[in-house]
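Enquirer: Following is a predicted model, sequence given first.
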Amino acid sequence: MFLKKITKIKSLGRFRNASVARVVRALVDALDYVTGDDWHFDFVEGGEAVTTAQSAMPYDEGPYVVMPCSDGLDSFLQWQLLRHEEPNVTVLRVQTASRAIKQARVRAINRAAQNARDRQLRLPVTAHYGHHPEPSYRTRTFLFFCMAALAAAKTGTRRVVVGENGIGALGPSLLPHGDECPHRTTHPAFTRRIAAFINTLLGAVLSFEHPQQFRTKGQVLTHALRYDVTGWELTNSCVRDARAGLGDQLCGVCSGCLLRRTALLAAGCSESGFYWQDLSASTLATCRPDFGRPHDLENPEDIMRHAAHDMSELASIARLDPGHRVLQSAAWELADGDVGRCHGIATDIHGLIRTHACEWEALRHAYSGASLLALETVR
């Protein structure tokens, strides 16, 4: 059952330069697609605009490429790949500043890889209504990508580059849970809709690029290492926060960490540095006997079992033929109505999943016999 969301925004602003109906259709199309909800907006004239003094930024150092960046591995690698493969562009990294991002880690990453030519735009974003900070976690990337698109429009570039690997961008949409809307928060079909919204709103001509959409995280890391890229070790892939009580270490067992571990192994890097490092036993309690709160093991073990299950379920799609409806449906979303491209895209997606299956099997083999990584342990 769809949810009905009615929002009133108190300033028409740029809508005076565009058809309100067309802007609303583009906005609703993007939000409906990513959340699975039924959105409705009423726009009303507001009061006087409120402006706040802020630091200035020069916009004459282009040509620019805008990148929405986190403190994660994918965005870091894409940033470095742009620097090596397109040395004449200025990368404008758009980052959010919130309690979920450890600014000490971001500063360390910047020190390790900063280029004097590149620029960073930090956006302190905290938006909440009522007691819960966010009604839908799927709206986070909508806000993030919209800010990147607005930055692109301001700098006059047409390019917004998303560094997400193909497993992160396409994998979740291939594994919907129950009647839940497919997870598409970094999906190219979603960013295409955001571009359509911003272009309709501002009369811009920008587009989102996904250069790694058919590569696994391991393939992206391997590619970057050919340029002797360093500093990636400082990045974060863990979905758990400080409340897990693991200090600054990555947990090693959540979905983000398991995907990172497959990438490290595939790229020939040391697969170490995780709190739950040893996965060769049947339980986390025996993997790390010194864990100080054994009564708190149920949650991380449940997280790992489901993360391993998802990794295995995605790998199982490699057994399908590219003509299977699952892969054809995924290809149709990427093809944007171009029937002639569907077969080629389905073949590319199939190749991506086959590589993922090989990388995941290699990680499982590295801890052979461990029921923690075995599909049959999911409960």
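Expert: Received, thanks.
Enquirer: could you pull out the strands for the stretch 151-300 of the chain?
Expert: 159-161, 207-209 (DSSP state E, counting those that start in this stretch).
Enquirer: Wait, a helix at Asp71?
Expert: No. The assignment for Asp71 by DSSP: H, G, I helix; E, B strand; the rest coil gives coil, which leaves it out of any helix.
Enquirer: right, and it touches Ile109 too?
Expert: Yes. With contact defined as C-beta atoms under 8 Å, Asp71 and Ile109 form a contacting pair (6.3 Å). For the C-beta atoms, the positions are set from N, CA and C on the backbone; glycine is no exception.
Enquirer: Give the residues shared as contacts by these two.
Expert: Listed as contacting both Asp71 and Ile109 by C-beta atoms under 8 Å, 6 or more residues apart in numbering are Thr235.
Enquirer: Adding mean neighbour count and mean pLDDT, write the strands of the stretch 151-300 of the chain out as CSV.
Expert: Output for the strands of the stretch 151-300 of the chain, formatted as CSV (neighbours: other C-beta atoms under 10 Å; pLDDT from 0 to 100):
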stretch, mean neighbour count, mean pLDDT
strand 159-161, 23, 98
strand 207-209, 18, 98
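Enquirer: quick one: contacts for Pro182?
Expert: By C-beta under 8 Å, 6+ apart, the neighbours of Pro182 are Gly36, Pro172, Ser173, Leu174, Pro176.
Enquirer: what's downstream of the helix or strand harbouring Val65, the next helix or strand?
Expert: Here Val65 sits within strand 64-68, counting by DSSP states H and E. Sequence-wise, the next helix or strand downstream of strand 64-68 (DSSP H and E) is helix 73-85.
Enquirer: Which residues does that following helix contact?
Expert: 65, 67-69, 89, 91, 93, 109, 113, 115, 118, 161-165, 168, 211-212, 217, 220-221, 223-224, 227, 229, 231-232, 235-237, 260, 263.
Enquirer: Let me see the mean pLDDT of the helix or strand just after it.
Expert: Later in the chain than helix 73-85, the nearest helix or strand by DSSP H and E is strand 90-97. Taken as a whole, strand 90-97 has a mean pLDDT of 86.
Enquirer: Then stretch 188-195?
Expert: 97.
Enquirer: can you give me the helices for the chain?
Expert: 20-35, 73-85, 103-113, 140-155, 166-174, 188-202, 217-225, 255-266, 284-287, 298-316, 325-335, 342-366 (DSSP state H).
Enquirer: Going by mean pLDDT, which of those comes out lowest?
Expert: Note on the helices of the chain: lowest mean pLDDT is at helix 103-113, with a mean of 73.
Enquirer: coming back round to it: as a markdown table, the helices of the chain with mean neighbour count and distance to Asp278 would be great.
Expert: What follows is these, written out as a markdown table (neighbours: other C-beta atoms under 10 Å; distance: least, C-beta to C-beta, whole Å):
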| stretch | mean neighbour count | distance to Asp278 |
| --- | --- | --- |
| helix 20-35 | 18 | 38 |
| helix 73-85 | 21 | 22 |
| helix 103-113 | 15 | 25 |
| helix 140-155 | 21 | 33 |
| helix 166-174 | 23 | 24 |
| helix 188-202 | 21 | 37 |
| helix 217-225 | 22 | 21 |
| helix 255-266 | 24 | 12 |
| helix 284-287 | 17 | 5 |
| helix 298-316 | 18 | 13 |
| helix 325-335 | 18 | 35 |
| helix 342-366 | 19 | 11 |
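Enquirer: For stretch 266-281, give me every contacting residue.
Expert: In contact with stretch 266-281 (C-beta under 8 Å, 6+ apart) are residues 216, 218-219, 221-222, 225, 233, 246-247, 249-253, 257, 261, 264-265, 284, 287-288, 300, 304, 359, 362-363, 366-367, 369-370, 372-373.
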